[in-house]
Each structure stands twice: as C-alpha cells, then as structure tokens.
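>>> After the sequence you'll find the predicted model.
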Amino acid sequence: MEFKLKIWRQKNASVKGKFETYTLKDVSPEMSFLQMLDYLNQQIIESGGDPVHFEHDCREGICGSCGIYINGRPHGPLRNTTTCELHMREFKDNTTIVIEPWRSKAFPVIKDLVVDRSAFEKVIHAGGFINANTGSTQEANNIPINKKISDRAFDAAVCIGCGACVAACKNSSAMLFVSAKVSQYALLPQGKVEAKERVENMVKKMDEVGFGFCSNTYACEFDCPKGISVEFIAQMNREFFSAKVCKQKS
Amino acid sequence: MSKKGFSLTSISHKYIMAAAGAFLMLFLVSHLSTNLLLLAGDGGETFDKAVEFLLTNPFIKIMEYVLFAGFIIHILIGVILELHNRRSRPVGYNVPLRSETSAFSRFMIHSGIIIFIFLLIHLYQFFFVKLGFVPKYGGAESTVDFYPMVVHTFQNPVYSIIYIVSFVFLGFHLKHAFQSAFQSFGLNHNKYMPAIKIVGTIYAIVIAVGFSIIPLYFMFLYK
C-alpha cells in the first residue's frame, strides 16, 4: 500500500507548528498504525531528519497513551479501537491520511503529535482515589457487592484516560473522562464514603484546568475507544446535584 | 470559570440551562394551545376569550416575568457556554470532527440565534404593541386586540415564511433539547432513554408543525 501522510510537525510547545507531507511506499496492510509511523520514522532517521514524535506504550489498547487524531476522528476510523490497535488495512490504498495531535487548551502540544495530558492527572489528584487505612486485608466477602453494580463500575473503570473524549468533543469537554472516574467509585461501597466530596472536587478541578462545557452532543461516547456510555455523565450530574443539595452547612 | 467573584461550575451551568429550557418547553405547549384557537373559524371570538383570560389572570401576570427570566437565563448561559467552549480549543483541527453526532446537537447555538432573532420580530409585532411601544395595526380595536394583527401579519407571505422557517429551526432546537434536558438532569437510564428520545422527537414535530399551521391557515384557508 502507498499513502500520502499529512502530519502535524511542531518542534516544541512555544513555536508554531505546520503540516508536512510524506509519501510512504510499501506499507503492509497488516501493519498497525503505530508500526506504520515507526516505518516512516525509520526512513526519516535514515535520511537524517527529525522523526515524528508520538506517544505509545503498551500497544495493546490499555495504556491510553497513543491518542492521535486521524482523518477527523480520534484514534482513527474504527469505533472502540485505540490507534495502536488500528491496522492499515482499514485505509484505502493511495489516499492521504491527515494526522493531527489532540486539540484542546487543556492539552497543549509538547512536540509533533505528543500532547501534555497532565490536566487529567490534576483531575485525578483532586479526588480520583479512595482513602483506606492500611493494615491487614479484610475478608473480601465482608462487603457484598451486587454483580450488576460491580459490572457497571467496571464499565466505567475501563476508561484508559487517553483523552479521545476531549479530542472528539466540539467543546473539548472532559465530562466523559471525569464521569467515568466519578462513577466507578460512586458505584462501589469503598468509594461511596467520599463520593460527595469527590465529585465536587473533581468537577471543580476539571473546570479549572481549562476543559470546555458539555452540550450533550455525545461525540465522546461515539469516539471513546473503550465504549464508555454517556449514561455516566448523567450519573455524575446526579452525584453532583445530590452533593450540592444535601451538603450540610459548615 | 473566573476565580474572582461569582462563578458556577460546568455542571451547574448544565442544570440551569436545562431547567430554563424545560420551563420554556412547557411555555411553548401553553402558547401553542392558546394560539391554535386562532383556527376556530369564528372570527377570533374564542381566541379573544383566551387572550382576555391570560391578560386578567394574576398568576399569568407573574409568570410573564418568570418567562422573561427564563428566556434571559437560557440565552445568557447559551452564549456563555459558546464563548467558553470556543476558548477551550484555541487551535482547531485541519480535518473537521467527523464523529457521528446528531446535527441538531452540534448547531444549537445557530438554531438558537435564529430563534432569538425570530423572538425579537415576534415581540416587536405583538408584545411591544401591547406595551404601547409600537402602534396597533391591521384594524385592531385596542392594543390587545391581537386577532386582526395576526390576520394582517400572516396575510403577508414574507412574515408567514419568516415564521414558518423559524418554527422549523425551533423544531431542530427542540429535537436535541428535550432529551438533552433529561441527560443534564442526570435522568439517563437505558430503560427509559429510548422512549424519552422518541417523545422528544414527537414533541419537536408537534411544536414546529403546530405553530406552522397558523400562518399556513391565514395564507391559504382564511377568507
């Protein structure tokens, strides 16, 4: 296969970037998208150029680092698939592929296709955890959890924090990410203890770090590589409402 | 939001937007049910009675202020959302977003602006006459004799078309708005959401078609 690749190149966060076009020949349809970029980089390095920087780690769809905006879709044309699990056979031969970094004020470009996603970390630090005393582990069956509830918490917990929801949203809102994190804890007994403070703190931080506001277009659900439902956004709205309404006067 | 002074979180915006929107959706039902009396074919007699009831009912007088507050809050937050969201992506994409989302949801600000412009025209034609800012027309006997003004307005095809086009956009706006309000209130449940979406679509069609019938009636059937 042969592709024309139009790739965003940007030296660092402070300079302006621009698109550069590369022609890549002999691409195997079995190559993953990232392998194709590796293949391109090898050729760039051999000719003495600066390789295209992109983030990757596990290459099996669970680490959340390989977010790239491909032809107008975060993680490319396939639904429920991360960039690393996308294969070149999904593209038409002899076409142009436009490759861009995530675009959001909260995710500034560091270099080429790599963005700084520490805004997500800040939201997690604001409440995406439970406090538990250390000591010997207690008997697991002491806290019975309904299987349906645990499955539902898991449906939220599959979020890999890749940022595709922000990239796909016309408003660059992080509601799907934050709601998945809020919900996975709020559904389970261990997380319920601090549910009210958690949702308030995480929403506050989400707004502070510069994400946009949600207008329920549901692009996030469509482009989430893990298929997380916007029902969790509704759940976060409920959690937030009950936290605000039921909070005791201090 | 800003660090100093009064600020609302993103979710509070959602709730207020949805609450104001839901109130306006109820208002539309009430407004449509009154207006459909224009079609009674009795020279506006029934319609005039309904208008008189609305003008003399103290509850409605209070609700008029609540209605204005509802419009102002809804419009203001819509504009705040749009401006904030535009700032949230200072550098855009080269290839526009291709995620499959409802076009109605993506163009809420645009349909909203069209409805706002319509609202200004509509207020000018009827509400401002009532307030005495605009002289009465169409042979109306008083500033609240709306029936002749309606006839006069809709026998002008330009106004009729402006109204009908606005109602179509209002329908588009409502198509997204109805289910979106439920989602914002946190009422998204996989058992009920499909039904809510269907009811929302029916509601949007009923409102858009219901209001459009009135100018069509006065253009083609009224003699």
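Looks like it arrived, so ask away.
>>> Just the strands from chain A, written as ranges.
A:3-9, A:18-24, A:69-70, A:73-74, A:95-100, A:109-111, A:114-115 (DSSP state E).
>>> To residue A:158, which of those strands lies closest?
strand A:73-74 (16.5 Å; Cβ to Cβ). From N, CA and C alone the C-beta is placed, and that goes for glycine too.
>>> Spit out the contact partners of the closest residue to residue A:187 other than its chain neighbours.
Using Cβ to Cβ, 6 or more residues apart in numbering or on different chains and skipping the chain neighbours, the partner closest in space to residue A:187 is residue A:153 (4.1 Å). Residues near residue A:153 by Cβ atoms under 8 Å, 6 or more residues apart in numbering or on different chains: A:183-185, A:187-188.
>>> how does chain A divide into domains?
Listed by automatic domain parsing, the domain ranges of chain A are A:3-104, A:117-246.
>>> coming back round to it: for the strands of chain A, which one ends up most surrounded?
strand A:73-74 (a mean of 26; mean count of other Cβ atoms under 10 Å in any protein chain shown).
>>> Show me what it packs onto, helices and strands only.
helix A:164-168 (3 or more Cβ pairs under 8 Å, 6 or more residues apart in numbering or on different chains; DSSP states H and E).
>>> packing partners for the helix it packs on?
By 3+ Cβ pairs under 8 Å, 6+ apart, helix A:164-168 packs against strand A:73-74, helix A:175-186, helix A:219-223.
>>> Rounded mean pLDDT for the first one, please.
It refers to strand A:73-74. Mean pLDDT, computed over strand A:73-74, is 97.
>>> who touches that strand?
Contacts for strand A:73-74 (Cβ under 8 Å, 6+ apart): A:67-68, A:102, A:163-164, A:167-168, A:223, B:97-99.
>>> Parallel or antiparallel, list what pairs with it.
strand A:69-70 (antiparallel) (DSSP bridges).
>>> Report the rounded mean pLDDT for the partner strand.
Mean predicted confidence for strand A:69-70 is 98.
>>> again, but for stretch A:127-146
Mean predicted lDDT for stretch A:127-146 stands at 88.
>>> before we move on, what about stretch B:156-169?
For stretch B:156-169, the per-residue pLDDT averages 97.
>>> of the contacts of strand A:73-74, closest to residue B:141?
The nearest one, if we look at those relative to residue B:141 and count by Cβ to Cβ, is residue B:97, at 55.1 Å.
>>> Which of the three states applies to that closest one?
Assigned with DSSP: H, G, I helix; E, B strand; the rest coil, residue B:97 falls in the coil class.
>>> Report the contact partners of the closest residue in space to residue A:161 that isn't next to it in sequence.
Nearest non-adjacent residue to residue A:161, counting by Cβ to Cβ, 6+ apart: residue A:64, 4.6 Å away. When contacts are counted by Cβ under 8 Å, 6+ apart, residue A:64 touches A:82, A:160-163.
>>> which phi and psi does residue A:64 have?
phi 80, psi 10 (degrees, to the nearest 10).
>>> do you know how far it is from residue A:237?
24 Å (Cβ to Cβ, to the nearest Å).
>>> what does residue B:116 give?
In terms of Cβ to Cβ, residue B:116 sits 26 Å off from residue A:237.
>>> counting contacts, what elements does the longest helix along chain A pack onto?
The longest helix of chain A (DSSP state H) is helix A:231-246. Applying 3+ Cβ pairs under 8 Å, 6+ apart, we find helix A:231-246 packed against helix A:175-186, helix A:195-208, helix B:10-35, helix B:157-184.
>>> Is chain B within reach of the second one?
This means helix A:195-208. Yes - using Cβ under 8 Å from any Cβ of the partner chain, helix A:195-208 reaches chain B at A:203-204, A:206-207.
>>> do the same with the shortest one
Yes - contact check for helix A:175-186 against chain B, using Cβ under 8 Å from any Cβ: residues in range are residue A:175.
>>> picking that back up, pick the most deeply packed of the domains of chain A.
Most buried among those, counting by mean count of other Cβ under 10 Å: domain A:117-246, with a mean of 20.
>>> and it, how far from the chain's centre?
13 Å (Cα atoms, centre = their mean, to the nearest Å).
>>> Need the distance between the two termini of it.
33 Å (Cα to Cα, to the nearest Å).
>>> With stretch B:140-151 instead?
Termini of stretch B:140-151 sit 10 Å apart (Cα to Cα).
>>> Also stretch A:63-76?
17 Å.
>>> With stretch A:120-131 instead?
End-to-end distance (Cα to Cα), stretch A:120-131: 20 Å.
>>> Excluding chain neighbours, what is closest to residue A:120?
Nearest non-adjacent residue to residue A:120, counting by Cβ to Cβ, 6+ apart: residue A:161, 5.3 Å away.
>>> any idea of the pLDDT on that neighbour?
Looking at residue A:161, the pLDDT reads 97.
>>> Equivalent analysis for residue A:247, please.
79.
>>> repeat for residue A:118
Residue A:118 is given a pLDDT of 97.
>>> same deal with the one 5 residues further on?
The predicted local confidence for residue A:123 comes out at a pLDDT of 98.
>>> ok, it touching residue A:174?
Yes - here residue A:123 reaches residue A:174: they are 7.0 Å apart, a contact under Cβ atoms under 8 Å.
>>> Find residues that contact each of those two.
residue A:206.
>>> any chance of the helices and strands packed on helix A:164-168 in TSV, with distance to residue A:19 too?
Listed next are those as TSV, based on distance: least, Cβ to Cβ, whole Å:
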stretch	distance to residue A:19
strand A:73-74	17
helix A:175-186	28
helix A:219-223	22
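>>> Tell me who's in contact with residue B:22.
Applying Cβ under 8 Å, 6+ apart, the residues near residue B:22 are residue B:181.
>>> pLDDT wise, what is it at?
Residue B:22 is given a pLDDT of 98.
>>> Could you check how far residue A:194 is from chain B?
18 Å (Cβ to the nearest Cβ, to the nearest Å).
>>> how about the helices of chain B, start to end?
Here chain B has its helices, by DSSP H, at B:10-35, B:45-56, B:58-87, B:103-106, B:108-122, B:128-131, B:146-154, B:157-184, B:193-216.
>>> Tell me which of those helices lies nearest to residue A:26.
Among the helices of chain B, helix B:103-106 sits nearest to residue A:26 (Cβ to Cβ), with 39.6 Å.
>>> Name the residues of the closest one that come out as buried.
Across helix B:103-106, burial judged by 16 or more other Cβ atoms under 10 Å in any protein chain shown covers B:104-106.
>>> With pLDDT and distance to chain A as added columns, please give those in CSV.
Below are the buried residues of helix B:103-106 laid out as CSV (pLDDT from 0 to 100; distance: Cβ to the nearest Cβ, whole Å):
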residue, pLDDT, distance to chain A
B:104, 92, 9
B:105, 93, 4
B:106, 93, 6
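>>> with the residues you listed in mind, which one is nearest to residue B:131?
Nearest member of the buried residues of helix B:103-106 to residue B:131, counting by Cβ to Cβ, is residue B:104, at 33.9 Å.
>>> who touches residue B:122 in this structure?
Contacts of residue B:122 by Cβ under 8 Å, 6+ apart: none found.
>>> for residue B:204, that is, sorry about that
Taking Cβ under 8 Å, 6+ apart, one finds B:171-172, B:174-175, B:177-178 in contact with residue B:204.
>>> No further queries at this time; thank you.
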